[in-house]
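Student: next comes the sequence, and after it the predicted model I'd like to discuss.
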Amino acid sequence: MNLRAIGCNVSSAAVGLRERLAFDETKTGRALAELNARFAAEAVILGTCNRVEIYLSRTETVAPLHIPLMAEFLSEVHGVPATDIVPHLYEHADAGAAKHLFRVAAGLDSVVVGEGQIAGQVKEAYEAAQKLASTGPLLNALFPAALRVSKRVRSETGIAQGHVSVSSAAVDFVRQVFDTFTDKTVLVIGAGKMGRLTLNHLAELNPAAVLVTNRNPERAAASAAECGGHVVPWDQLDDALVRADIVLSTTGARDFIVHRRRFDEKVRPRRAGRVLVVFDMAVPRDFDPRIHDGDTVSVFNVDDLARVADQRMAERRRYLPAAEAIVEAEVAKFVSEWNKRANGPVIGQLTAEVDKLRDGITGPLLAKMNGKLTDAEKAYIEQAFRLFQNKLLHGPIAALHEASREGHSGGLREALMKLFGLKG
């Protein structure tokens, strides 16, 4: 197994760096193609508001990919100096990489432990890589296994119970700011899943109106129909910001859609000091954080919301040991099954190679003694050589199986291939 998971998340890198490393659809396609071409690597890129991770697999006969090389690669893709990236990257290898993905898919590595949205994001990342033909045997086994682990953790433990999420944390913020909600206007910018989830929570507070705007009018209309809101044309965003009391923003823009100068000139003076709460859930961020004044305008990003959600996690954390035990068992199972699968061709080639050696000895020997041996004696000699062959192969094959169970058969498998001239 030559598997690596390299990336950064909310624990290792602030949103300011994560947004600079964010992958949109175009960058993902180019990056996957480059990873395949340059490194002959299977690859999946998992990008969410809380993490940017690259999962890579190469044949066992070549060197694995490590942080310095991937930092240079990310630097080329995003135009961010590698020196800014390296300190914030982590790396997981082989069984550790499988464990990391299983934990991610199960929501155990999330800010909100047990949150279910990440499993869908893992699935989408894998399917996107499949469509671009950037996956191969190992990742095609690993990612479906991760999704099965996610389902098992959620069904067999109570880790997904209760409404604890970044979205519900946003509602907590709103409750602290406003005494009443029936006279408030909510503005939804973009069509991100996090925004829709948060809107579902806020809808329970019965706001007076929901406004929806999007660069794509069709998407705006679809989102408005879904939540019973009213569409605001994109070119009227400033007017909508003047009307709004609460903003949920989740666009896929590469830069701020609302800069401080624009807000200070076109929005703030017209609000007459009314309180505005902005939940900027986009990565990269949609709102210039300098708009936040600590008085009438508050801007919260995903990291801010995550800290609030983390305070509500005590109940779910009770189920972590059971969930982690499931992950450990599933990792051991996956590694063992993968190594057995990888061992099969090697054992088959090894047996065939020794068969040829045996036949190369017994064939001439029996031919030379033709007429001097009975059929029973010939059969006895052939059986003796087969027994010798089985004894000879038993040790290496048993050692290979044992190494598979322990999760490190790759080195032994490679050694056998070199010793006997086998093909990978």
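Tutor: Yep, it's here.

Student: okay, buried residues for stretch 173-193 please.
Tutor: Neighbour-count burial for stretch 173-193, counted by 16 or more other CB atoms under 10 Å, picks out 173-174, 178, 181, 184-192. (Glycine included, C-beta is placed from N, CA and C.)

Student: ok, stretch 305-321 next?
Tutor: Those would be L305, A306, V308, A309, R312, M313, R316, Y319, for stretch 305-321 by 16+ other CB under 10 Å.

Student: what's the closest of these to A5?
Tutor: Using CB to CB, A306 comes nearest to A5 of the buried residues of stretch 305-321, at 21.1 Å.

Student: need the three-state assignment for the closest one.
Tutor: Three-state call for A306 (DSSP: H, G, I helix; E, B strand; the rest coil): helix.

Student: among the buried residues of stretch 173-193, which two are most distant?
Tutor: Applying CB to CB across those, the maximum distance is between F178 and A191, 25.1 Å.

Student: ok, D239 touching V232?
Tutor: Yes: D239 lies in contact with V232 (CB atoms under 8 Å); the separation is 7.5 Å.

Student: more neighbours: which of these two?
Tutor: The residue with more neighbours, out of D239 and V232, is V232; 22 against 16, by other CB atoms under 10 Å.

Student: which residues does that one contact?
Tutor: Contact analysis of V232 by CB atoms under 8 Å, 6 or more residues apart in numbering lists L187, L211, V212, T213, A220, D239, A240.

Student: so which of these are in helices?
Tutor: A220, D239, A240 (DSSP state H).

Student: among those residues, which one has the lowest pLDDT?
Tutor: Scanning the ones in helices among the contacts of V232 for pLDDT, the low point is A220. It has 87.

Student: before we move on, back to that, tell me the one of the buried residues of stretch 173-193 nearest T28?
Tutor: G192 (16.5 Å).

Student: got a pLDDT number for that closest one?
Tutor: Looking at G192, the pLDDT reads 67.

Student: ok, of the contacts of V232, which come out buried?
Tutor: Here, 16+ other CB under 10 Å leaves L187, L211, V212, T213, A220, D239, A240 buried among the contacts of V232.

Student: domain ranges for the chain?
Tutor: 3-161, 166-314, 337-420 (automatic domain parsing).

Student: measure the first one end to end?
Tutor: To tie it back to what came earlier, the one meant is domain 3-161. 33 Å (CA to CA, to the nearest Å).

Student: quick one: that domain to chain centroid distance?
Tutor: Going by CA atoms, centre = their mean, to the nearest Å, the spacing between the C-alpha centre of domain 3-161 and its chain's C-alpha centre is 4 Å.

Student: what does the shortest one give?
Tutor: Computed by CA atoms, centre = their mean, the chain-centroid distance of domain 337-420 equals 42 Å.

Student: quick one, helices of the stretch 101-250 of the chain?
Tutor: Under the criterion DSSP state H, counting those that start in this stretch, the stretch 101-250 of the chain contains helices at 117-131, 137-156, 166-177, 193-203, 217-227, 237-243.

Student: oh, that last question was meant for the stretch 301-424 of the chain, not what I typed.
Tutor: 302-310, 314-317, 320-368, 375-406, 410-420.

Student: dump the C-alpha coordinates for the shortest one into PDB.
Tutor: This means helix 314-317. Presented in PDB, the C-alpha positions along helix 314-317 are these (Å, rounded to 0.1, in the frame of the first residue of the first chain):
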ATOM      1  CA  ALA A 314     -20.300  17.300  25.400                       C
ATOM      2  CA  GLU A 315     -23.200  14.900  24.800                       C
ATOM      3  CA  ARG A 316     -22.000  13.600  21.500                       C
ATOM      4  CA  ARG A 317     -18.400  13.200  22.700                       C
END
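
Student: chain center to that helix, what's the gap?
Tutor: Offset of helix 314-317 from its chain centre (CA atoms, centre = their mean): 23 Å.

Student: okay, now the unreliable bits of the stretch 201-350 of the chain?
Tutor: 310-312, 342-344 (pLDDT under 70).

Student: now do 80
Tutor: Residues of the stretch 201-350 of the chain that meet the criterion pLDDT under 80 lie in 201-204, 305-316, 339-350.

Student: which ones are touching A314?
Tutor: So A314 contacts nothing (CB under 8 Å, 6+ apart).

Student: so it versus V113, what's the distance?
Tutor: To V113, A314 is 10 Å away according to CB to CB, to the nearest Å.

Student: the helices of the stretch 101-250 of the chain: which one's closest to K99?
Tutor: Nearest of the helices of the stretch 101-250 of the chain (CB to CB): helix 137-156, 9.8 Å.

Student: can you tell me how far the spatially closest residue to Q130 that is not a sequence neighbour sits from I54?
Tutor: Counting by CB to CB, 6 or more residues apart in numbering, Q130 lies nearest to N140, which is 7.6 Å off, once chain neighbours are set aside. Computed as CB to CB, the N140 to I54 distance reads 16 Å.

Student: wait, L56 touches L65, no?
Tutor: Yes: applying CB under 8 Å as the test, L56 and L65 come out as touching, 5.3 Å apart.

Student: quick check: neighbours shared by these two?
Tutor: R4, I6, F39, A41.

Student: so which of these belong to helices?
Tutor: Those of those lying in helices (DSSP H): F39.

Student: for the shared contacts of L56 and L65, could you give me JSON lines that also reports distance to T250?
Tutor: Converted to JSON lines, the shared contacts of L56 and L65 look like this (distance: CB to CB, whole Å):
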{"residue": "R4", "distance to T250": "30"}
{"residue": "I6", "distance to T250": "26"}
{"residue": "F39", "distance to T250": "33"}
{"residue": "A41", "distance to T250": "31"}
